[in-house]
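1. turn this into a structure:
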Amino acid sequence: MSRASGEGRRGLRKLAGPLLLLGLLLAQPAAAAAYPIVIPYGRSWPISIVVDSSRGLAYVDGMSGINPPTGYTFGVINVTGHEVMKVLPLDEVPGVLALDESSGNVYVAGNDSIQVFYGGNQSMGERIVVGHPIRSMAYDGSVSKDIFVSAGNQVYAVDIALGRVVANATVGNGANGLALDPASGKLFVAEYPDSKVFVFDSQGLAPAGVINLPNCCAAQMAVDSRTHTIVATTGTGFVDLINTQTDSFENSVKVAPSSANSTDLVTVDNGTGRVFVSSSPGGSILEIDGSNGAVVGEFRVSSQVAGLAVDSKTHEVFATNYHQVTVFDGGRGRVLFIILALGAAAVVAVVVVAIVLVLRKPRRQGQ
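-> So this is what the prediction gives:
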């Protein structure tokens with residue numbers, strides 16, 4: 001064995017300890033919050049929730065926990081500190097919420113009207129009367145700038161600036177969940193109790209087709225803008241997937257753990273492609289890989305989930321249930337994997353550089 005190779009091996013042995021320590025430090029995951037996080041919401045039952053990721057705020061509406069209810073409220077939550085910042089009174093029974101991400105305004109469905117909460121000055125504004133009990137709501141921030149509501153067997157387009165209904169269309173036996181595809185400007189309306197989704201042009205509500213689904217009954221929907229897919233919950237343990245580019249049914253995936261469960265609420269994290277679906281009865285929230293429909297996790301709350309939303313910036317999932325809003329880590333496992341992968345790559349890089357430097361160490365003259 002040559003003196004050069006011997007010195008190289010002795011050099012590597014000297015580096016082994018520091019390299020091992022460096023590898024362990026790089027592979028350590030960052031400290032994480034203790035999930036789930038519970039945000040108390042008084043003696044009330046919070047219902048719907050939306051998250052304004054760009055402004056770090058969540059909005060929730062609810063009613064008192066006393067039966068019959070004695071009051072209705074609208075709350076503002078700081079998603080960084082996970083605390084209620086403000087609670088305002090509502091004039092009507094609270095319903096679904098819709099968010100205008102560009103302005104930060106929130107639309108609050110009452111019994112038969114929409115009340116506007118102005119995010120800029122954090123104040124409640126006027127009510128826009130629709131005249132029919134509202135089931136679902138969606139805001140079109142890209143094409144028509146209208147707010148759409150489903151009520152009875154109709155879907156209505158409401159012009160916010162004019163403060164009135166400007167168009168309507170009939171949807172079979174009953175309009176339920178709504179989903180807007182920002183890429184095409186199409187509005188998808190689930191028909192309940194049938195297994196159909198009606199498609200409309202969001203400008204003027206001109207009919208654009210009907211999609212038949214295999215599972216009863218089309219309920220709520222959410223759009224994955226990255227994959228051009230709508231995830232529709234049903235009255236069964238399945239979710240149905242719709243291709244928004246072809247306006248056609250694509251696949252059906254069983255996600256609920258029991259045949260006695262039906263899928264209910266749904267929200268999509270467009271940052272990670274993860275889909276979150278609540279099932280009823282019970283307090284189960286299923287985490288689904290949007291690329292293949294596989295169930296990859298489950299969260300649980302103490303009672304039935306009433307509202308569900310995700311923060312696309314922090315990947316936290318917000319679920320409303322009795323007296324509280326429960327926050328889960330929707331990006332769990334993903335962050336740890338990235339940290340470990342980066343740590344391992346860094347260790348390999350350091351080892352390679354060290355070997356090259358030691359083996360290329362020049363001989364001293366005379367040796």
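2. where in this structure is pLDDT low?
-> 1-33, 65-69, 259, 332-367 (pLDDT under 70).
3. and residue 127, how far from residue 173?
-> According to C-beta to C-beta, to the nearest Å, residue 127 stands 29 Å off from residue 173. To be clear about C-beta, it is placed using only N, CA and C from the backbone, and glycine gets the same treatment.
4. who's more crowded, the two?
-> residue 127 (17 against 12; other C-beta atoms under 10 Å).
5. isn't that one up against residue 91?
-> Yes. Assessed by C-beta atoms under 8 Å, residue 127 is found in contact with residue 91 at 6.8 Å.
6. what is in contact with those two at once?
-> Both residue 127 and residue 91 are in contact with 110, 115, where contact means C-beta atoms under 8 Å, 6 or more residues apart in numbering.
7. so what's the spatially most central residue of the chain up against?
-> Centroid check for the chain by C-alpha atoms, centre = their mean gives residue 310 as the closest residue, at 3.2 Å. Residue 310 sits next to 51, 267, 268, 269, 274, 276, 316, 317, 318, 330 when contact means C-beta under 8 Å, 6+ apart.
8. tell me how far the spatially closest residue to residue 245 that is not a sequence neighbour lies from residue 131.
-> Spatial nearest neighbour of residue 245, excluding adjacent residues (C-beta to C-beta, 6 or more residues apart in numbering): residue 228 at 4.9 Å. According to C-beta to C-beta, residue 228 and residue 131 sit 34 Å apart.
9. what sits against residue 74?
-> Contacts of residue 74 (C-beta under 8 Å, 6+ apart): 59, 60, 61, 87, 88, 89, 90, 94, 108, 117, 124.
10. the fifth one reaches residue 118, doesn't it?
-> No. Between residue 88 and residue 118 there is no contact, the gap being 11.4 Å when judged by C-beta under 8 Å.
11. quick one: common contacting residues for those two?
-> Common contact partners of residue 88 and residue 118 (C-beta under 8 Å, 6+ apart): residue 124.
12. count of residues packed around residue 81?
-> 10.
13. show only the entries of the contacts of residue 310 found in strands.
-> In this view, the contacts of residue 310 that belong to strands under DSSP state E are 51, 267, 268, 269, 274, 276, 316, 317, 318.
14. among residue 228 and residue 131, which residue is more densely surrounded?
-> Each of residue 228 and residue 131 has its neighbours counted (other C-beta under 10 Å); residue 228 has more, 16 against 9.
15. thinking the more buried one is in contact with residue 244, fair?
-> Yes. With contact defined as C-beta under 8 Å, residue 228 reaches residue 244; the gap is 4.7 Å.
16. shared neighbours, those two?
-> With C-beta under 8 Å, 6+ apart as the test, residue 228 and residue 244 both reach 181, 183.
17. work out for me the element the residue lying closest to residue 237 once chain neighbours are set aside sits within.
-> Spatial nearest neighbour of residue 237, excluding adjacent residues (C-beta to C-beta, 6+ apart): residue 256 at 3.1 Å. For residue 256, there is no host helix or strand (DSSP states H and E).
18. then residue 138?
-> Going by DSSP H and E, residue 138 is part of strand 136-139.
19. packing partners for that strand?
-> strand 97-99, strand 106-109, strand 146-151, strand 175-181 (3 or more C-beta pairs under 8 Å, 6 or more residues apart in numbering; DSSP states H and E).
20. hmm, try it at 10 Å
-> strand 97-99, strand 106-109, strand 146-151, strand 154-159, strand 175-181, strand 186-191, strand 221-224 (3 or more C-beta pairs under 10 Å, 6 or more residues apart in numbering; DSSP states H and E).
21. which residues touch the last one?
-> Residues external to strand 221-224 that are found in contact with it (C-beta atoms under 10 Å, 6 or more residues apart in numbering): 136, 138, 176-183, 188-190, 197, 229-233, 239-242, 244, 265-270, 273-277, 290-291, 308, 310.
22. which stretches of the stretch 201-350 of the chain form strands?
-> Ranges of strands in the stretch 201-350 of the chain, per DSSP state E, counting those that start in this stretch, are 207-212, 221-224, 229-233, 238-243, 248-254, 262-269, 274-280, 284-289, 295-300, 307-310, 316-321, 324-329.
23. most packed of those strands?
-> Among the strands of the stretch 201-350 of the chain, judged by mean count of other C-beta atoms under 10 Å, the one packed with the most neighbours on average is strand 229-233 (a mean of 28).
24. for that one, which strands pair with it and how are they oriented?
-> strand 221-224 (antiparallel), strand 238-243 (antiparallel) (DSSP bridges).
25. the last one to strand 284-289, inter-axis angle?
-> With axes from the mean of the first three to the mean of the last three C-alpha atoms, to 10 degrees as the criterion, the two stretches strand 238-243 and strand 284-289 enclose an angle of 40 degrees.
26. hmm, back to that, and the residue nearest to residue 237, how far is that from residue 278?
-> For residue 256 relative to residue 278 (C-beta to C-beta), the value is 10 Å.
27. just residue 54 next, same as before
-> 25 Å.
28. can you check residue 257 too?
-> For residue 257, the distance to residue 278 - C-beta to C-beta - is 12 Å.
29. what sits in contact with each of these two?
-> In contact with both residue 257 and residue 278: 284, 286, using C-beta under 10 Å, 6+ apart.
30. before we move on, back to that, in TSV, list the contacts of residue 74 along with distance to residue 74 and neighbour count.
-> Converted to TSV, these look like this (distance: C-beta to C-beta, whole Å; neighbours: other C-beta atoms under 10 Å):
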residue	distance to residue 74	neighbour count
59	7	22
60	8	28
61	5	29
87	7	14
88	5	15
89	8	9
90	5	20
94	7	24
108	6	28
117	6	22
124	7	16
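31. cool, thanks, talk later.
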